[in-house]
Each structure stands twice: as structure tokens, then as C-alpha cells.
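**Q** Predicted model follows, preceded by the sequence.
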Amino acid sequence: MHESVLPLPIRVLYFLPLALVLAASLLGWRRYRQLVPSMRALALLAGFDALMELLGFVLLWLHVPNIFLFPLILVGEMGLLLLTYSRALQSAGFRRVAPWIFGLLALYALLNSALAPGTLDYRPSLRVIGDLLPLLLAGLYFRQLLNELRVEQLTRDPLFWLSSGLVLYTLGDLLIALFSNYLFTTFSRDLNRLIWLIHNFLNAVLYACYCVALWLPAGPDRAAPR
């Protein structure tokens, strides 16, 4: 079915992630000086994601496959997420390890792309890594949260919203990543469209959490250095 005759709710869902990530990037830009260091890194992440979403739409409009952008998006997002959590958790050990994680991820993405140049298939291994790492970061936050019990109102903690959004997004995207090549080559076009609508919904949830995290009043980063 052609996109021009798609039902309105489906067309809205196609553009909702872009609208939300643009809103998050604008929030980050307007409040950047008021934000704590960890949320400044999140503002940079929102801006990066907004740029990539816009570029993806331009390529789609030009009928150019945009799958080649995925390694760049993965490395950029993971680098900014590592920066966000290293600033928020303020763990000396994690700060030492984070650059190594980023370097190894960037090297793996480069080698993965070089060994399969020009491929139009999704790279499940990269997507799985791109889902497991945010889950690990969110897990570190929730572990610290339970151990220290410093946050009186979770809904007022920006990192709670970011971590919750990451968990919801990555669990759903992980299932898509594990079966993506099989689903996209085996089942019908309608099912493929449904999968990508689900993916868009997950993106929208994540970007909405970006917006909440960047909108909350500024406060000190939640942990003292150790």
C-alpha cells in the first residue's frame, strides 16, 4: 500500500519520532547552560539523533538506502551515552573503562563495515551490541540507585527517565535485531511495515523520555565522585 493512502495514525507514527527528537534537541539547546554536565551530554545526543533522523528522511525522499548510516549512528550514540552516564554516575572506575569501551566499539563497527562494504543487509551483531550496551548503562544506574537510595522522587530524576526509556527501547529493538534479516526476507511486506511501525513507536518512547529528562529542573548530578 502506498504511503499516501496510509491511515492517518500510521502516517503520524512515521513522523512522531522525528518531531519528538527535534523537540528534545530544541529543549537541550535552550536549556544547555542550565543543565548539569550529564544532561548536557544528553542534549548533544538529542541533537545528534535529530540530525541523523533528518538525514534519514532526506535519503528516504531521494530513494537512497540509508542503512549505511547505521554504524555511524551506533558509534555516535554510544559515545554520547557513555559520556552521559560517566558524568552522572561519577564512578572513577567507569570513567577509566568508558574510553576503552568506546574505542573497541568504534573499531568493531569499522571492521564490520569494511568486511562487508556496500551491503544492504542489517548487521545484527552491531545492533545487538547497540542494544546491550545501553541496557548495561541503565543497569548500572538502577544498581547505584538501589545501593545508595539518594533519590527521593524518581520522577524528578532526569536519569531515571533516560534509563527507563533506554530499557523499553532496547528490549524491543533487541528482538527486532535478532530476527531482522530473517523477517525482512521471509515474510510479507505488510509484516515488515508493521515491524518498522513498532520500531518507530519505540523510538518515539525513547525520544519522549529525552524530552522529559531535558525539561526537568536543573539540579546537581546525583552522585558524589569516588
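**A** That came through fine. Just so we're clear, the structure is a prediction, and the values are computed from it rather than from any experiment.
**Q** Could you check the pLDDT of residue 178?
**A** According to the predicted model, the pLDDT of residue 178 comes to 78.
**Q** residues near it, how many?
**A** One way to gauge burial is a neighbour count; for residue 178, by other C-beta atoms under 10 Å, it gives 14. Backbone N, C-alpha and C define where each C-beta goes, glycine included.
**Q** That one contacts residue 131, correct?
**A** No: with contact defined as C-beta atoms under 8 Å, residue 178 does not count as touching residue 131 (9.2 Å).
**Q** Which strands or helices does the helix or strand encompassing residue 15 pack on?
**A** Element membership for residue 15, per DSSP states H and E: helix 8-30. In this structure, helix 8-30 makes packing contacts with helix 37-61, helix 189-215, judged by 3 or more C-beta pairs under 8 Å, 6 or more residues apart in numbering; DSSP states H and E.
**Q** Measure how the last one sits relative to helix 37-61, angle-wise.
**A** Looking back up the chat, that one is helix 189-215. 150 degrees (axes from the mean of the first three to the mean of the last three C-alpha atoms, to 10 degrees).
**Q** that older thread, from the middle of its chain, how far away would the helix holding residue 15 be?
**A** 14 Å (C-alpha atoms, centre = their mean, to the nearest Å).
**Q** And for that helix, what's in contact with it?
**A** Helix 8-30 is contacted from outside by 3, 6, 35, 39-40, 42-44, 46-47, 49-50, 53-54, 57, 197, 200-201, 203-204, 207-208, 210-211, 214-215, using C-beta atoms under 8 Å, 6 or more residues apart in numbering.
**Q** related to what we said a few turns ago, quickly, which of the helices and strands packed on helix 8-30 bottoms out on average pLDDT?
**A** Across the helices and strands packed on helix 8-30, the stretch with the lowest average pLDDT is helix 189-215; it has a mean of 90.
**Q** between that helix and helix 8-30, how big is the angle?
**A** In this structure, helix 189-215 runs at an angle of 30 degrees to helix 8-30, with the same axes, to 10 degrees as the basis.
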